[in-house]
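A.B. asks: here's a sequence, model it:
(chains A and B, ligands or ions: 2)
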Amino acid sequence: MSKSIDLTLKVWRQAGPKDKGHFETLRAQNISTEMSFLEMLDVVNDQLTLDGKEPIAFDSDCREGICGMCGAVINGRPHGPLKATTLCQLHMRHFNSGDVIAIEPFRAMAFKVIKDLVIDRSAFDQIIQAGGFVSVNTGGAPDANAVPIAQDQVESAMDAAQCISCGACVAACPNASAMLFVSANVSHLALLPQGQPEAARRAIAMVREMDRQGFGNCSNETECEAECPKSISISNIARLNRQFYRASLASSVK
Amino acid sequence: MIHQFDAIIVGSGGAGLYAALEASQRCRTAVLSKLYPIRSHTGAAQGGIGAALGNVEEDKPDWHAFDTVKGGDYLVDQQAARIMAEEAIQAVYDLENRGLPFNRTPEGRIDQRRFGGHTRNFGEAPVKRACYAADRTGHMILQTLYQQCIKNEVAFFDEFQVVDLVMDNGTCKGVVAVELSTGALHILAAKAVLFATGGFGRMYKITSNAFANTGDGPAVCARRGIPLQDMEFYQFHPTGIMGLGILISEAVRGEGGILRNRAGERFMERYSPTLLDLAPRDIVARSILTEVRAGQGIRGDRRIDDYIHLDATHLGRDTLMRKLPDITSFCKTYLGIDPADAPIPVLPTAHYAMGGIPTDIHGCVVRDGAGTVVQGLYAAGECACVSVHGANRLGTNSLLDLVVFGRRAGRHIGDYVQQAAAPSVSEADAEPARSWIARLTDGRPGPHGGHILEDMKLVMMEKVGIYRNAADMQNAIDTIQALRERYRTVRVQDRSKTFNTDLLEVIELGNLLDLSLVTAVSALNRQESRGAHSREDFPERNDTQWLKHTLAHLEGDAVRLDYKTVDTSIWEPKPRTY
Ligand SMILES: Cc1cc2nc3c(=O)[nH]c(=O)nc-3n(C[C@H](O)[C@H](O)[C@H](O)COP(=O)(O)OP(=O)(O)OC[C@H]3O[C@@H](n4cnc5c(N)ncnc54)[C@H](O)[C@@H]3O)c2cc1C
Ligand code: FES
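C.D. replies: Ligands and ions are numbered 1, 2, ... in the order given. As a prediction, the model looks like this:
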């Protein structure tokens, strides 16, 4: 049942992209265990505002694990200790009175900190722009029923397409690689007939853009899969690698 | 700072992105959004998109159009509904061709499922019409459209919040927006501006809507002299998770889930013998509240927050995991229960705005009952009112509305900008917004917006909610007026320029207060019950006096009401029974 707990927070405070940033120790008192983690931060922010201090900047919108806006590293784990949940879905019943909780933004060279826990994830957009789409001309495209697709195949595509682009995989990876994100996007389209014609070109373009944006390389650490709030499988990375190598050989571009 | 484009799209949900995709093929297009595009609320849509493909059983666009009209309690403009139902099929194919992974039938065709109010042969029996990508249809639509917009090199201004509209002699010239990261004011001038800012469920205490759904588009328009249409029609979804409002999609009932009261009775048998649990939303929501008021809720204490059960245990773990995986995990996360083992506690939650900025079938905003177009101004999606949803929207018709009318608006903009002159704007056009923000952040003492917001949401929930009567609504109007008075002295506590979410929330609160007032006044005025507007003091629909759209003009603190005729050129209004 619901009870109240008192916590010590060590929160990353950074006034802007150029600021060095530091941890600030704050108390969160009388927190109901029924609250979500973000509601707890709301309470802390209300107090900071009343005290005339700047509230902690953090992103969220849906608070249902759908939009991918929220996210922070909680005691070293993106989106906190629970598997397959976003930060907004984490509840305070998983903490105990007296706990010390370190809260930091998702860190990566390609994700600039805008303020406190808020990061700029636009590098992901650049990767999509490089090739994450189907470019068939739909003007006279055939009736979608004309190309039957097996439900199994759609399901694998759908599993990959679940990615909410939150960036947890990047934050989890020791190399700050975006391979899970890229592979999910590549797989989603490559698994469907309408995405297959461009599969090779897409894989190459997106991986190159990932490098250009300053994300690291994948060295099979598998941390990304463990932290992904949508449990996207690293088998997508294997699929991407296959596609990438096949494509690089065929086109002899390095 | 001033930027020039041919077309500005405000909002990057399904409607905004589809419009941008079309417009960007013909002209320089920018999308402004207060959220990152793929974070828009369209991503939350679980259930599906309606189209009479007839893949699983016989279906026809005309049946779909009729269901839409009847579901909307005959306040739907019928030609618009027919256009939507006919264009639905191509819209689904287009999404599919662009990479949207729809679920499949065993033969490999797009699978379809049942949804409330969708029937075969003009009401005979439920029909399978909703195309879906598991329970993540909205997420997939957003992702697909966003990929396409990026490909078309649409300019994205992410985390820009529009706060004002620039009008010149009745023609739209652009918008004024605050850049969240710097606090800077920008003027975006354009030949055409489209609002696609989504819904405003945040007006109510219990809602399925995200924080960003604050009705900015309609509020900004209303303050610049554009009327708002049919604002008294606000849909409550029957099944929100108890206490939280988070939505449990109708898809659960579409797959066979059953509503039960404390006696375990399938009470919908009494309210809607034909469609049962899949009756339209207004009817199901009212039935639930009636049960609760009669002491048949699960607690049985007759309080407004008592609840009933949505039983999906008989569907089996396998079906739940295959067809409703997100909902299964929601229940586990928020309630700690597995819907395969235990019924889900649910109650109605504020969900969808039927009303909004009035438009014609091309998305052009109209300013009066005669249909006079406001040059250069467009609206699409939930913030617009075409009207294809009338007094009550059917499930899966919103995503459809977004793609059909988002696309139509985008195409019309593509044509319009070819002949329109580039507007001239100056920094002076941002002056009203600048001085307002300066006042909010001048550091003087003043109340915090938070309490005003809470009071507003509560009064709207209790007095302008599912059941309404004159005394309650008058009381709500008085309360809202008092809150508006208090709002005038509000100050933003956080005075920093960068990432000042406090400031933006106070601006959003102003928008919600304006919309609450318009909603309550429009509702008090309509002396009948129709669709989602259900009056205890006027329980019958009254076509002689009220078969007309409301147009509400916000004039300072007053609301002036006007009317527009409903297009009933295809089907004659009949009593609505299921
Ligand atoms: C939980 C849930 C489930 C649903 N399920 C279904 C379903 O199964 N089928 C169905 O048909 N419908 C469903 N709906 C309804 C449907 O999802 C919405 O009506 C629809 O997605 C709205 O889309 P939109 O494009 O109009 O707006 P949104 O997707 O809400 O997007 C609004 C956009 O406007 C931007 N914006 C807002 N204000 C400003 C501003 N001031 N300045 C700049 N940008 C701004 C936002 O950033 C956002 O990008 C569901 C709704 C909910 C809440
Ligand atoms: S706030 Fe939307 S996923 Fe967390």
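
A.B. asks: what parts of the stretch 201-350 of chain B come near chain A?
C.D. replies: B:210, B:211, B:212, B:246, B:326, B:329, B:330, B:333, B:334 (Cβ under 8 Å from any Cβ of the partner chain). For the C-beta atoms, the positions are set from N, CA and C on the backbone; glycine is no exception.

A.B. asks: which one of these is nearest to ligand 1?
C.D. replies: Ligand 1 lies nearest to residue B:212 out of these, by Cβ to the nearest ligand atom, at 5.4 Å.

A.B. asks: quick one: that closest one and residue B:498, what's the gap?
C.D. replies: Per Cβ to Cβ, to the nearest Å, residue B:212 is found 19 Å from residue B:498.

A.B. asks: comparing the two, which residue is more hemmed in?
C.D. replies: More crowded of residue B:212 and residue B:498, by other Cβ atoms under 10 Å in any protein chain shown: residue B:212, with 26 against 18.

A.B. asks: let me see the contact set for that one.
C.D. replies: A:61, B:34, B:35, B:40, B:41, B:198 (Cβ atoms under 8 Å, 6 or more residues apart in numbering or on different chains).

A.B. asks: about what we covered before: same list (the residues of the stretch 201-350 of chain B next to chain A) but as CSV, adding pLDDT.
C.D. replies: Below are these laid out as CSV (pLDDT from 0 to 100):
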residue, pLDDT
B:210, 89
B:211, 89
B:212, 92
B:246, 84
B:326, 75
B:329, 80
B:330, 79
B:333, 79
B:334, 78
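
A.B. asks: ligand 2: which of the residues you listed is nearest?
C.D. replies: residue B:210 (7.4 Å).

A.B. asks: so what's the residue count around that closest one?
C.D. replies: Using other Cβ under 10 Å, residue B:210 is surrounded by 25 other residues.

A.B. asks: thought it was touching residue A:70?
C.D. replies: No - taking contacts as Cβ atoms under 8 Å, residue B:210 lies outside contact range of residue A:70: 11.4 Å.

A.B. asks: what helix or strand is residue A:23 on?
C.D. replies: Per DSSP states H and E: residue A:23 is located in strand A:22-32.

A.B. asks: show me what that strand is packed up against.
C.D. replies: Counting contacts by 3 or more Cβ pairs under 8 Å, 6 or more residues apart in numbering or on different chains; DSSP states H and E, strand A:22-32 is packed against strand A:4-13, helix A:37-50.

A.B. asks: mind listing what's buried along that strand?
C.D. replies: A:26, A:28, A:31 (16 or more other Cβ atoms under 10 Å in any protein chain shown).

A.B. asks: what sits against the last one?
C.D. replies: Taking Cβ under 8 Å, 6+ apart as the contact definition, residue A:31 lies against A:4, A:5, A:6, A:7, A:40, A:43, A:92.

A.B. asks: once you drop chain neighbours, what's closest to the second one?
C.D. replies: Pointing back at residue A:5 there. Distances taken as Cβ to Cβ, 6 or more residues apart in numbering or on different chains place residue A:97 nearest to residue A:5, at 4.0 Å, with adjacent residues excluded.

A.B. asks: just give the nearest non-adjacent residue to residue 76, would you?
C.D. replies: All of this refers to chain A. Using Cβ to Cβ, 6+ apart and skipping the chain neighbours, the partner closest in space to residue A:76 is residue A:102 (7.2 Å).

A.B. asks: meant chain B, my bad for not saying
C.D. replies: Nearest residue to residue B:76 in three dimensions, chain neighbours excluded: residue B:390, at 3.7 Å (Cβ to Cβ, 6+ apart).

A.B. asks: any idea how many residues pack against residue B:423?
C.D. replies: Neighbour count for residue B:423, taken as other Cβ under 10 Å: 19.

A.B. asks: before we move on, which element is it in?
C.D. replies: Short version, using DSSP H and E: residue B:423 is in no helix or strand.

A.B. asks: and the helices in the stretch 101-250 of chain A, which stretches?
C.D. replies: Shown for the stretch 101-250 of chain A, the helices assigned by DSSP state H, counting those that start in this stretch span residues A:122-129, A:151-161, A:168-172, A:179-190, A:199-212, A:223-227, A:235-251.
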